[in-house]
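Undergrad: next come a sequence and a model predicted from it.
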Amino acid sequence: MRWDAEPTARAAHMGFLIALAGALQVLELLLPAPVPWARLGLANAPVLAALVLWGPGPGLWVGVGKVVVGALFTGRFLTPGFFLSAGGTLAAVAVMAAAVRLPMLGFVGVSALGAEAHLLTQLALASVLLRTPAVWALVPLAGTLALASGVVTGWVASGVVRVAQEDLGYPPATGGNRATSSPSART
Amino acid sequence: MKRRVFTPWDALVVAGLLAVNLVAWAPGRPGRPTGYRITSQTGSRTVAADTGRIEVAGPLGTTVIEVGDRSARIVDSPCPLKLCVRTGALDRPGRVAACLPNRVALEALGPGGDVDAVGR
(Lines give C-alpha, C1' and ligand atoms only; values in the text may rest on other atoms or scores of the structure.)
Protein backbone atom coordinates (compact mmCIF):
# COMPACT_ATOMS: atom_id res chain seq x y z
CA MET A 1 0.00 0.00 0.00
CA ARG A 2 1.27 3.46 -0.88
CA TRP A 3 1.95 5.71 2.06
CA ASP A 4 -0.28 8.53 0.77
CA ALA A 5 -3.20 6.13 0.56
CA GLU A 6 -3.00 6.05 4.32
CA PRO A 7 -3.54 9.58 5.65
CA THR A 8 -4.02 8.12 9.09
CA ALA A 9 -0.55 6.65 9.03
CA ARG A 10 0.94 9.96 7.95
CA ALA A 11 -0.95 11.83 10.66
CA ALA A 12 0.41 9.38 13.20
CA HIS A 13 3.94 9.81 11.90
CA MET A 14 3.60 13.61 11.96
CA GLY A 15 2.38 13.37 15.52
CA PHE A 16 5.37 11.23 16.33
CA LEU A 17 7.75 13.83 14.87
CA ILE A 18 6.05 16.62 16.88
CA ALA A 19 6.32 14.57 20.06
CA LEU A 20 9.97 13.87 19.26
CA ALA A 21 10.61 17.60 18.78
CA GLY A 22 8.91 18.37 22.10
CA ALA A 23 10.91 15.73 23.94
CA LEU A 24 14.19 16.95 22.43
CA GLN A 25 13.45 20.47 23.63
CA VAL A 26 12.94 19.25 27.17
CA LEU A 27 16.20 17.29 26.99
CA GLU A 28 18.00 20.37 25.73
CA LEU A 29 16.93 22.30 28.81
CA LEU A 30 19.56 20.27 30.62
CA LEU A 31 22.31 21.74 28.44
CA PRO A 32 23.87 25.19 28.88
CA ALA A 33 22.70 27.87 26.46
CA PRO A 34 24.24 31.16 25.31
CA VAL A 35 20.97 33.03 25.88
CA PRO A 36 17.89 31.88 27.80
CA TRP A 37 15.84 31.32 24.66
CA ALA A 38 18.51 29.73 22.51
CA ARG A 39 19.00 25.98 22.50
CA LEU A 40 21.10 23.48 20.64
CA GLY A 41 18.26 23.11 18.18
CA LEU A 42 18.09 19.35 17.75
CA ALA A 43 14.29 19.79 17.77
CA ASN A 44 14.64 21.18 14.26
CA ALA A 45 15.61 17.74 12.99
CA PRO A 46 12.00 16.43 13.00
CA VAL A 47 10.91 19.62 11.20
CA LEU A 48 13.48 19.11 8.47
CA ALA A 49 12.56 15.44 8.25
CA ALA A 50 8.89 16.36 7.73
CA LEU A 51 9.87 18.88 5.03
CA VAL A 52 11.89 16.30 3.15
CA LEU A 53 9.35 13.51 3.56
CA TRP A 54 6.12 15.38 2.90
CA GLY A 55 6.85 18.92 1.68
CA PRO A 56 6.31 22.48 2.98
CA GLY A 57 2.77 22.11 4.40
CA PRO A 58 3.43 19.21 6.77
CA GLY A 59 6.87 20.71 7.52
CA LEU A 60 5.16 23.88 8.70
CA TRP A 61 2.71 21.88 10.81
CA VAL A 62 5.48 19.95 12.52
CA GLY A 63 7.29 23.28 13.07
CA VAL A 64 4.21 24.88 14.65
CA GLY A 65 3.57 21.74 16.67
CA LYS A 66 7.17 21.75 17.87
CA VAL A 67 6.93 25.37 19.06
CA VAL A 68 3.60 24.93 20.84
CA VAL A 69 4.28 21.51 22.38
CA GLY A 70 7.82 22.53 23.35
CA ALA A 71 6.55 25.73 24.97
CA LEU A 72 3.88 23.84 26.92
CA PHE A 73 6.45 21.26 28.07
CA THR A 74 8.92 23.93 29.15
CA GLY A 75 6.40 26.38 30.59
CA ARG A 76 7.22 29.15 28.15
CA PHE A 77 3.91 29.36 26.32
CA LEU A 78 3.16 32.98 25.32
CA THR A 79 6.25 34.35 27.11
CA PRO A 80 8.72 36.56 25.21
CA GLY A 81 10.88 33.50 24.68
CA PHE A 82 7.94 31.74 23.03
CA PHE A 83 7.66 34.45 20.40
CA LEU A 84 11.39 34.37 19.71
CA SER A 85 11.16 30.61 19.32
CA ALA A 86 8.07 30.84 17.10
CA GLY A 87 9.60 33.51 14.86
CA GLY A 88 12.87 31.64 14.57
CA THR A 89 11.15 28.37 13.72
CA LEU A 90 8.86 29.94 11.11
CA ALA A 91 11.88 31.56 9.45
CA ALA A 92 13.78 28.29 9.55
CA VAL A 93 10.84 26.39 8.01
CA ALA A 94 10.53 28.97 5.22
CA VAL A 95 14.24 28.93 4.41
CA MET A 96 14.53 25.15 4.61
CA ALA A 97 11.40 24.64 2.49
CA ALA A 98 13.08 26.73 -0.22
CA ALA A 99 16.50 25.11 0.23
CA VAL A 100 15.08 21.59 0.09
CA ARG A 101 14.04 22.27 -3.50
CA LEU A 102 17.70 22.56 -4.49
CA PRO A 103 18.78 19.05 -5.45
CA MET A 104 22.48 19.75 -5.01
CA LEU A 105 22.09 20.43 -1.30
CA GLY A 106 22.28 17.63 1.24
CA PHE A 107 20.67 17.52 4.67
CA VAL A 108 23.60 19.33 6.25
CA GLY A 109 23.43 22.31 3.87
CA VAL A 110 19.66 22.70 4.21
CA SER A 111 19.88 22.39 7.97
CA ALA A 112 22.72 24.92 8.23
CA LEU A 113 20.69 27.47 6.27
CA GLY A 114 17.72 26.84 8.54
CA ALA A 115 19.82 27.22 11.68
CA GLU A 116 21.26 30.52 10.50
CA ALA A 117 17.79 31.82 9.60
CA HIS A 118 16.54 30.69 13.01
CA LEU A 119 19.29 32.53 14.84
CA LEU A 120 19.20 35.76 12.81
CA THR A 121 15.40 35.97 13.18
CA GLN A 122 15.66 35.42 16.92
CA LEU A 123 18.28 38.13 17.24
CA ALA A 124 16.17 40.51 15.13
CA LEU A 125 13.17 39.89 17.39
CA ALA A 126 15.36 40.19 20.49
CA SER A 127 16.75 43.52 19.30
CA VAL A 128 13.17 44.80 19.03
CA LEU A 129 12.16 43.28 22.35
CA LEU A 130 15.17 44.60 24.27
CA ARG A 131 15.23 47.86 22.28
CA THR A 132 18.94 47.68 21.58
CA PRO A 133 20.90 46.80 18.45
CA ALA A 134 23.62 45.49 20.73
CA VAL A 135 22.34 41.91 20.39
CA TRP A 136 23.87 41.81 16.91
CA ALA A 137 27.25 41.69 18.62
CA LEU A 138 26.38 38.07 19.41
CA VAL A 139 26.29 37.06 15.73
CA PRO A 140 29.92 35.88 15.43
CA LEU A 141 29.81 33.59 18.44
CA ALA A 142 26.15 32.60 18.52
CA GLY A 143 26.03 32.28 14.73
CA THR A 144 28.99 29.93 14.70
CA LEU A 145 27.42 27.84 17.45
CA ALA A 146 24.13 27.80 15.54
CA LEU A 147 25.94 26.68 12.41
CA ALA A 148 27.62 23.83 14.26
CA SER A 149 24.30 22.71 15.71
CA GLY A 150 22.74 23.03 12.25
CA VAL A 151 25.30 20.56 10.87
CA VAL A 152 24.55 18.07 13.66
CA THR A 153 20.80 18.60 13.24
CA GLY A 154 21.03 17.91 9.50
CA TRP A 155 22.81 14.68 10.18
CA VAL A 156 20.17 13.65 12.74
CA ALA A 157 17.37 14.56 10.30
CA SER A 158 18.95 12.40 7.61
CA GLY A 159 18.80 9.48 10.03
CA VAL A 160 15.11 10.10 10.78
CA VAL A 161 14.34 10.27 7.07
CA ARG A 162 16.33 7.13 6.35
CA VAL A 163 14.33 5.21 8.93
CA ALA A 164 11.09 6.55 7.45
CA GLN A 165 12.08 5.66 3.92
CA GLU A 166 13.71 2.31 4.51
CA ASP A 167 11.63 0.93 7.35
CA LEU A 168 8.29 2.67 6.86
CA GLY A 169 8.35 2.80 3.06
CA TYR A 170 8.01 6.55 2.53
CA PRO A 171 9.23 7.58 -0.91
CA PRO A 172 11.70 10.46 -1.37
CA ALA A 173 9.38 13.44 -1.74
CA THR A 174 10.94 16.81 -2.47
CA GLY A 175 13.58 18.42 -4.61
CA GLY A 176 15.56 16.51 -7.16
CA ASN A 177 15.63 13.46 -5.00
CA ARG A 178 12.71 11.57 -6.44
CA ALA A 179 13.08 7.94 -7.17
CA THR A 180 13.44 7.25 -10.87
CA SER A 181 10.95 4.44 -10.86
CA SER A 182 7.65 4.77 -9.08
CA PRO A 183 8.28 4.04 -5.45
CA SER A 184 6.37 1.24 -3.88
CA ALA A 185 6.10 0.78 -0.18
CA ARG A 186 7.69 -2.17 1.44
CA THR A 187 5.63 -4.44 3.51
CA MET B 1 18.23 9.11 -5.88
CA LYS B 2 17.75 9.95 -2.28
CA ARG B 3 18.87 13.18 -0.70
CA ARG B 4 22.41 12.83 0.46
CA VAL B 5 23.54 13.73 3.95
CA PHE B 6 26.40 15.91 2.81
CA THR B 7 27.39 17.25 -0.60
CA PRO B 8 30.22 19.55 -1.75
CA TRP B 9 27.57 22.29 -2.04
CA ASP B 10 26.85 21.86 1.64
CA ALA B 11 30.49 22.57 2.42
CA LEU B 12 30.18 25.75 0.35
CA VAL B 13 27.00 26.79 2.19
CA VAL B 14 28.51 26.16 5.61
CA ALA B 15 31.72 28.01 4.70
CA GLY B 16 29.71 30.92 3.32
CA LEU B 17 27.53 31.21 6.43
CA LEU B 18 30.61 30.95 8.62
CA ALA B 19 32.15 33.84 6.69
CA VAL B 20 28.99 35.92 7.12
CA ASN B 21 29.01 35.26 10.85
CA LEU B 22 32.65 36.22 11.23
CA VAL B 23 32.34 39.36 9.12
CA ALA B 24 29.61 40.45 11.53
CA TRP B 25 32.36 40.63 14.13
CA ALA B 26 32.10 44.40 14.37
CA PRO B 27 35.67 45.62 13.94
CA GLY B 28 34.71 49.08 15.13
CA ARG B 29 35.68 52.39 13.63
CA PRO B 30 39.15 53.92 13.89
CA GLY B 31 39.81 56.21 16.79
CA ARG B 32 39.32 56.03 20.51
CA PRO B 33 35.99 55.69 22.27
CA THR B 34 34.84 58.97 23.76
CA GLY B 35 32.27 57.33 25.97
CA TYR B 36 30.17 54.22 26.45
CA ARG B 37 26.48 53.51 26.34
CA ILE B 38 25.18 51.02 28.85
CA THR B 39 21.76 49.56 28.12
CA SER B 40 19.97 47.54 30.75
CA GLN B 41 16.46 46.60 31.78
CA THR B 42 15.94 50.00 33.36
CA GLY B 43 17.01 51.95 30.30
CA SER B 44 20.08 53.34 28.68
CA ARG B 45 22.73 55.73 29.94
CA THR B 46 26.00 57.12 28.71
CA VAL B 47 29.19 57.19 30.74
CA ALA B 48 32.47 58.95 30.01
CA ALA B 49 35.78 57.15 29.55
CA ASP B 50 37.70 56.31 32.73
CA THR B 51 34.58 56.14 34.86
CA GLY B 52 35.86 52.99 36.53
CA ARG B 53 33.85 50.09 37.87
CA ILE B 54 30.12 50.09 37.25
CA GLU B 55 27.61 47.56 38.50
CA VAL B 56 24.45 47.04 36.50
CA ALA B 57 21.46 45.12 37.84
CA GLY B 58 19.65 42.63 35.63
CA PRO B 59 17.19 39.78 36.04
CA LEU B 60 19.95 37.28 36.87
CA GLY B 61 22.05 39.50 39.11
CA THR B 62 24.82 42.02 38.76
CA THR B 63 26.87 42.59 35.63
CA VAL B 64 30.20 44.26 36.37
CA ILE B 65 31.60 46.68 33.80
CA GLU B 66 35.01 48.28 33.97
CA VAL B 67 35.36 51.55 32.07
CA GLY B 68 39.02 52.47 31.65
CA ASP B 69 40.87 55.28 29.99
CA ARG B 70 41.19 53.62 26.57
CA SER B 71 38.68 50.78 26.65
CA ALA B 72 35.83 49.22 28.57
CA ARG B 73 34.83 45.64 29.15
CA ILE B 74 32.32 43.45 30.90
CA VAL B 75 34.42 41.77 33.57
CA ASP B 76 31.73 39.60 35.10
CA SER B 77 28.12 38.64 34.51
CA PRO B 78 25.85 35.97 35.96
CA CYS B 79 25.27 34.18 32.66
CA PRO B 80 26.15 30.57 31.78
CA LEU B 81 28.46 30.99 28.79
CA LYS B 82 30.02 34.43 29.49
CA LEU B 83 30.00 35.40 25.83
CA CYS B 84 29.96 39.04 26.98
CA VAL B 85 33.09 38.61 29.08
CA ARG B 86 34.83 36.73 26.28
CA THR B 87 34.08 39.59 23.90
CA GLY B 88 36.91 41.35 25.68
CA ALA B 89 37.85 45.03 25.77
CA LEU B 90 35.96 47.50 23.57
CA ASP B 91 38.73 49.78 22.38
CA ARG B 92 37.14 51.22 19.23
CA PRO B 93 33.95 53.18 18.66
CA GLY B 94 31.16 50.91 17.47
CA ARG B 95 32.25 47.76 19.24
CA VAL B 96 29.67 46.10 21.43
CA ALA B 97 29.58 43.55 24.23
CA ALA B 98 26.23 42.18 25.32
CA CYS B 99 24.94 39.86 28.01
CA LEU B 100 21.50 38.85 26.77
CA PRO B 101 20.62 36.60 29.71
CA ASN B 102 21.07 39.53 32.07
CA ARG B 103 19.79 42.08 29.53
CA VAL B 104 22.90 44.27 29.64
CA ALA B 105 24.68 45.78 26.66
CA LEU B 106 27.83 47.90 26.50
CA GLU B 107 28.62 49.92 23.39
CA ALA B 108 31.67 52.08 22.68
CA LEU B 109 30.73 55.54 21.37
CA GLY B 110 32.82 57.83 19.25
CA PRO B 111 33.15 59.73 15.98
CA GLY B 112 31.27 58.40 12.97
CA GLY B 113 28.54 56.65 14.93
CA ASP B 114 25.74 57.90 12.72
CA VAL B 115 26.26 55.15 10.16
CA ASP B 116 25.29 52.53 12.68
CA ALA B 117 22.10 54.38 13.51
CA VAL B 118 20.51 52.80 10.44
CA GLY B 119 19.98 49.55 12.30
CA ARG B 120 18.05 51.23 15.06
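TA: Ah, there it is.
Undergrad: quick one, helices of chain B?
TA: Using DSSP state H, the helices of chain B run over B:8-23, B:83-86.
Undergrad: let me know whether the shortest one sits next to chain A.
TA: Yes. Contact of helix B:83-86 with chain A (CB under 8 Å from any CB of the partner chain) involves B:Leu83, B:Arg86. Quick note: C-beta positions are derived from backbone N, CA and C, even for glycine.
Undergrad: so how far is that helix off the chain centroid?
TA: How far helix B:83-86 lies from its chain's middle: 8 Å, per CA atoms, centre = their mean, to the nearest Å.
Undergrad: what's the neighbour count on the nearest residue to B:Val64 once chain neighbours are set aside?
TA: Setting aside the residues directly before and after it, B:Val64 is nearest to B:Asp76 in space (CB to CB, 6 or more residues apart in numbering or on different chains), at 4.3 Å. By other CB atoms under 10 Å in any protein chain shown, the residues close to B:Asp76 number 17.
Undergrad: what does the one 10 residues further on give?
TA: By other CB under 10 Å, the residues close to B:Arg86 number 10.
Undergrad: please report the distance of B:Gly58 from chain A.
TA: Going from B:Gly58 to chain A by CB to the nearest CB, to the nearest Å gives 11 Å.
Undergrad: what's the nearest residue to that residue once chain neighbours are set aside in contact with, if anything?
TA: Counting by CB to CB, 6+ apart, B:Asn102 is the residue found nearest to B:Gly58 once chain neighbours are left out, at 3.4 Å. Contact analysis of B:Asn102 by CB atoms under 8 Å, 6 or more residues apart in numbering or on different chains lists B:Val56, B:Gly58, B:Pro59, B:Leu60, B:Gly61, B:Thr63, B:Ser77, B:Pro78, B:Cys79.
Undergrad: could you turn the buried ones of these into a ChimeraX selection?
TA: Remark: buried members of those, expressed as a ChimeraX selection using 16 or more other CB atoms under 10 Å in any protein chain shown:
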select /B:56,58,60,63,77,79
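Undergrad: any chance of the contacts of B:Asn102 in a markdown table, with pLDDT too?
TA: Listed next are the contacts of B:Asn102 as a markdown table, based on pLDDT from 0 to 100:
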| residue | pLDDT |
| --- | --- |
| B:Val56 | 94 |
| B:Gly58 | 91 |
| B:Pro59 | 90 |
| B:Leu60 | 90 |
| B:Gly61 | 93 |
| B:Thr63 | 94 |
| B:Ser77 | 93 |
| B:Pro78 | 92 |
| B:Cys79 | 85 |
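Undergrad: just the strands in chain B please.
TA: B:35-40, B:43-48, B:52-57, B:62-67, B:72-76, B:96-99, B:104-109 (DSSP state E).
Undergrad: and those strands: which comes nearest A:Ala137?
TA: Of all the strands of chain B, strand B:96-99 sits nearest to A:Ala137, with 3.7 Å by CB to CB.
Undergrad: excluding its backbone neighbours, what's nearest the most centrally placed residue in chain A?
TA: With distances taken as CA atoms, centre = their mean, the residue of chain A nearest its centroid is A:Asn44 (2.6 Å). In this structure, A:Asn44 finds its nearest non-sequential neighbour in A:Thr153, 5.1 Å apart by CB to CB, 6+ apart.
Undergrad: helix, strand or coil: sort out the one you found for me.
TA: helix (DSSP: H, G, I helix; E, B strand; the rest coil).
Undergrad: per-residue pLDDT, the residue nearest in space to the middle of chain B?
TA: In chain B, the residue lying closest to the centroid (CA atoms, centre = their mean) is B:Ala97, at 2.4 Å. With respect to pLDDT, B:Ala97 scores 87.
Undergrad: no more questions from me, cheers.
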